[in-house]
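Undergrad: sequence and predicted model, in that order:
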Amino acid sequence: MAATAVKPEVAETLRLQVLRRTEVSPHMARVTLGGGDVDRFRSMGFDQWFRLFIPVSDDSLDHVPPVFTRIAWAKLLAAPKASRPVVRNYTVRAHRALGTDGPEIDVDVVLHGEGDDAGPGSTWARTCAPGDPVAILDEGIGFVPPPATAGRTVLVADESGLPAAAGILASLPADAEGLALLEVPAEADRQDLAPPPGVEVRWIVRTDPHDVPGRAAAALAQAQALPDGPFYGWTVGEQALPTGVRRHWVRTGVPKDHIMFCGYWKV
């Protein structure tokens, strides 16, 4: 992703707050952010992502600098653990320039584990309340198809990549063509998406709750007939999914620069 990513024109830390949270599905919560510096956020669509700084103490966000350099990152990491904010990467699920009380940013967070088994991001999404402060650092987009792919796209993701895939489907031009293979933990985790008419969305529901996320999507992607002509392949999720799908695409002759892959996490 780093090779082709498009960065924002201005990369600065924005202080926001939680406006509300909703349960989208059994394994996904949506946290809506706004207020503070939200007017300075510039939506780029597609799979735009950002670093989220979650405070663990009253002074956590004091450790977050207004702009980031290597030195700034080093200082942040050197802060005392008791006050150093948790940093996680998330996708802009949706951006509304005119929300109820100004611009709003939706963030979808996968809910996994409970109690001590849940990650800090999942715990935050379960417990955050309106008014809770956070900070974000925009990192831009990774979905940058070459002109030679002629508007044809294949997306493959597990539930951790569902928010990014949803953002891409909502941002594609109306004449785009392609396929989205999206794996989720349960039937109730399907979402209403807005793809162009020429892009098929195919849901893969895991039958074994203990199976590794992404394994079923990877198997289907490798058995799937590829589009006629050049296409842009985008695949993200548990590390084995994007690396395996990319390897398959390259073996079948897809140029490496026609593929964006990123391991969001490792089982």
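TA: Arrived safely, thanks for sending.
Undergrad: only C-alpha atoms from now on, for both contacts and neighbour counts.
TA: OK.
Undergrad: give me phi/psi at residue 12?
TA: Note on residue 12: its backbone torsions stand at phi -130, psi 160 [degrees, to the nearest 10].
Undergrad: ok, now which ones touch it?
TA: When contacts are counted by Cα atoms under 8 Å, 6 or more residues apart in numbering, residue 12 touches 66-68, 137-138.
Undergrad: let me have those in TSV, extended by neighbour count and secondary structure.
TA: Formatted as TSV, the contacts of residue 12 follow (neighbours: other Cα atoms under 10 Å; DSSP: H, G, I helix; E, B strand; the rest coil):
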residue	neighbour count	secondary structure
66	14	coil
67	13	coil
68	15	coil
137	22	strand
138	26	strand
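Undergrad: distance to residue 170 and pLDDT for those residues - can I get that in CSV?
TA: Output for those, formatted as CSV (distance: Cα to Cα, whole Å; pLDDT from 0 to 100):
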residue, distance to residue 170, pLDDT
66, 31, 90
67, 30, 88
68, 30, 86
137, 22, 96
138, 19, 96
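Undergrad: give me the spatial nearest neighbour of the residue nearest the centre of the chain, chain neighbours excluded.
TA: Nearest to the geometric centre of the chain sits residue 91, at 3.4 Å (Cα atoms, centre = their mean). Nearest residue to residue 91, sequence neighbours excluded (Cα to Cα, 6 or more residues apart in numbering): residue 49, at 4.1 Å.
Undergrad: picking that back up, tell me the one of the contacts of residue 12 nearest residue 53?
TA: Nearest to residue 53 among the contacts of residue 12 is residue 137, at 8.3 Å by Cα to Cα.
Undergrad: how close does the closest one get to residue 58?
TA: Distance of residue 137 to residue 58, given as Cα to Cα, to the nearest Å: 20 Å.
Undergrad: mind checking the longest helix of the protein?
TA: Counting residues, the longest helix found in the chain (DSSP state H) is helix 240-251.
Undergrad: next SSE after that helix?
TA: strand 259-265 (DSSP states H and E).
Undergrad: and residue 96, that's in a strand?
TA: Yes - membership of residue 96 in a strand is supported by DSSP: H, G, I helix; E, B strand; the rest coil.
Undergrad: now do the strands in the stretch 101-250 of the chain.
TA: 102-110, 133-140, 152-157, 177-184, 198-205, 232-238 (DSSP state E, counting those that start in this stretch).
Undergrad: distance to residue 23 for those - can I get that in JSON lines?
TA: Output for the strands of the stretch 101-250 of the chain, formatted as JSON lines (distance: least, Cα to Cα, whole Å):
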{"stretch": "strand 102-110", "distance to residue 23": "9"}
{"stretch": "strand 133-140", "distance to residue 23": "20"}
{"stretch": "strand 152-157", "distance to residue 23": "21"}
{"stretch": "strand 177-184", "distance to residue 23": "15"}
{"stretch": "strand 198-205", "distance to residue 23": "19"}
{"stretch": "strand 232-238", "distance to residue 23": "21"}
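Undergrad: just name the most buried of these.
TA: Of all the strands of the stretch 101-250 of the chain, strand 232-238 has the most neighbours on average by mean count of other Cα atoms under 10 Å, namely a mean of 26.
Undergrad: strand partners of it, parallel vs antiparallel please.
TA: strand 152-157 (parallel), strand 259-265 (parallel) (DSSP bridges).
Undergrad: gap between that strand and the chain center?
TA: How far strand 232-238 lies from its chain's middle: 11 Å, per Cα atoms, centre = their mean, to the nearest Å.
Undergrad: now swap in stretch 236-246 and tell me
TA: Worked out by Cα atoms, centre = their mean, stretch 236-246 lies 14 Å from the chain centre.
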